[in-house]
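S.K.: Structure, please.
(chains A and B)
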Amino acid sequence: DAKTTQPTSMDCAEGRAANLPCNHSTISGNEYVYWYRQIHSQGPQYIIHGLKNNETNEMASLIITEDRKSSTLILPHATLRDTAVYYCIVRVANFNKFYFGSGTKLNVKP
Amino acid sequence: DVKVTQSSRYLVKRTGEKVFLECVQDMDHENMFWYRQDPGLGLRLIYFSYDVKMKEKGDIPEGYSVSREKKERFSLILESASTNQTSMYLCASSSYRGASGNTIYFGEGSWLTVV
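M.R.: Here you go, the predicted model:
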C-alpha cells in the first residue's frame, strides 16, 4: 500500500469548515483513498472513500487532485464532536489488509 | 447501518489465563479482522479471516489464535495471557464490493488489561 503523509495536528473553530490534507504521492492507479476517524477510546469510524472523482456524503466531502497525489477531507461545519484523530489510507480495492498511519489530531474549539 | 459488536468493552485478566474476545457482525460480510492498538504503534493486524473456517496470520499473530465457525462470528483467543498483551483490541469486518471499493467497519474496541 502507498504511504500517506498527514500533519500531526490541526485546530478548527466550531462551525467553520475543517480541511484535512493528505499526501500520497506514490499512489497506484488501482488504489483507493479512504478516510477514517477515531474518537478517543472508540473504534475507527468510516467516513468516506474515493478513487478519482470527488465524493460527498452526509459526513464529509473528499477532494482528490487530478494527479491523485494528494487529497483533502472537508468537514463543512465542524462541531466539538468532530474532535478526533483522522486517518488517510490508500489501498487496492480487493486487498484485505488495512494499514493505519499516525493520522491528524483535529481539535475543534468553541 | 453496519454493526460490528464486540462482546466485552473492558476486561481484566490474570497472567496465564485463557482469554476469549468475541466479535459478531450483522452485514453478512465475508472478511473479518482482529487488530490491536497501542500508543505510538498504531493499529496492527493480528489475524484475518476471509471465509468460515479460513484464517490467515497478520503481522503479529504470536500468542494469539482465532476461530471462525460461523460467518457472522470471529473469536480471538489468548491461550495464556501475558502482560505484554495488555492493549485495546479491535474487531472489523468488510465485504468486497468490486469497483466501489472494500470498506472496513470496526467495532467499539475491547480494552484488555493483564495483571
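S.K.: How much space separates the closest residue to A:Ile39 other than its chain neighbours from chain B?
M.R.: Residue nearest to A:Ile39 in three dimensions, not counting chain neighbours: A:Ala84, with 4.5 Å by C-beta to C-beta, 6 or more residues apart in numbering or on different chains. Any C-beta I mention is one placed from the backbone N, CA and C, and that applies to glycine too. Applying C-beta to the nearest C-beta, to the nearest Å, the value for A:Ala84 to chain B is 13 Å.
S.K.: The residue nearest in space to the middle of chain B in helix, strand or coil?
M.R.: The centre of chain B sits closest to B:Trp34, judged by C-alpha atoms, centre = their mean, with a distance of 2.4 Å. Using DSSP: H, G, I helix; E, B strand; the rest coil as the criterion, the local structure at B:Trp34 reads strand.
S.K.: so what's it scoring on pLDDT?
M.R.: On the pLDDT scale, B:Trp34 is placed at 95.
S.K.: quick one: it and B:Phe20 touch, right?
M.R.: No - with contact defined as C-beta atoms under 8 Å, B:Trp34 does not count as touching B:Phe20 (12.0 Å).
S.K.: Show me whatever sits in contact with both of the two.
M.R.: Common neighbours of B:Trp34 and B:Phe20, using C-beta atoms under 8 Å, 6 or more residues apart in numbering or on different chains, are B:Leu76.
S.K.: just for the chain, where's the confidence low?
M.R.: Defaulting to chain A. When residues are selected by pLDDT under 70, those of chain A lie in A:1-2, A:92-98.
S.K.: wait, I meant chain B there
M.R.: Using pLDDT under 70, chain B drops low at B:1-2, B:96-102.
S.K.: Sketch out the strands for it, chain order is fine.
M.R.: Taking DSSP state E to define them, one finds strands in chain B at B:4-6, B:10-13, B:19-25, B:31-38, B:42-49, B:56-57, B:64-70, B:73-78, B:87-94, B:104-106, B:110-114.
S.K.: can you redo those strands as CSV with distance to chain A?
M.R.: Below are the strands of chain B laid out as CSV (distance: least, C-beta to the nearest C-beta, whole Å):
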stretch, distance to chain A
strand B:4-6, 8
strand B:10-13, 10
strand B:19-25, 11
strand B:31-38, 6
strand B:42-49, 4
strand B:56-57, 8
strand B:64-70, 14
strand B:73-78, 13
strand B:87-94, 5
strand B:104-106, 4
strand B:110-114, 8
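S.K.: Which one, of the ones you listed, ends up nearest to A:Leu62?
M.R.: The closest of the strands of chain B to A:Leu62 is strand B:104-106. By C-beta to C-beta, the value is 16.6 Å.
S.K.: quick one: strands adjacent to that closest one?
M.R.: Applying DSSP bridges to the sheet, strand B:104-106 is found paired with strand B:87-94 (antiparallel).
S.K.: how about the CA coordinates for the strand it pairs with, as PDB?
M.R.: The C-alpha trace of strand B:87-94 is given here as PDB (Å, rounded to 0.1, in the frame of the first residue of the first chain):
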ATOM      1  CA  SER B  87      -4.000  -3.400  24.800                       C
ATOM      2  CA  MET B  88      -7.100  -2.300  23.000                       C
ATOM      3  CA  TYR B  89      -8.400  -5.000  20.600                       C
ATOM      4  CA  LEU B  90     -10.400  -4.100  17.600                       C
ATOM      5  CA  CYS B  91     -12.600  -6.300  15.500                       C
ATOM      6  CA  ALA B  92     -13.500  -5.300  12.000                       C
ATOM      7  CA  SER B  93     -15.400  -6.700   9.000                       C
ATOM      8  CA  SER B  94     -15.700  -6.000   5.300                       C
END
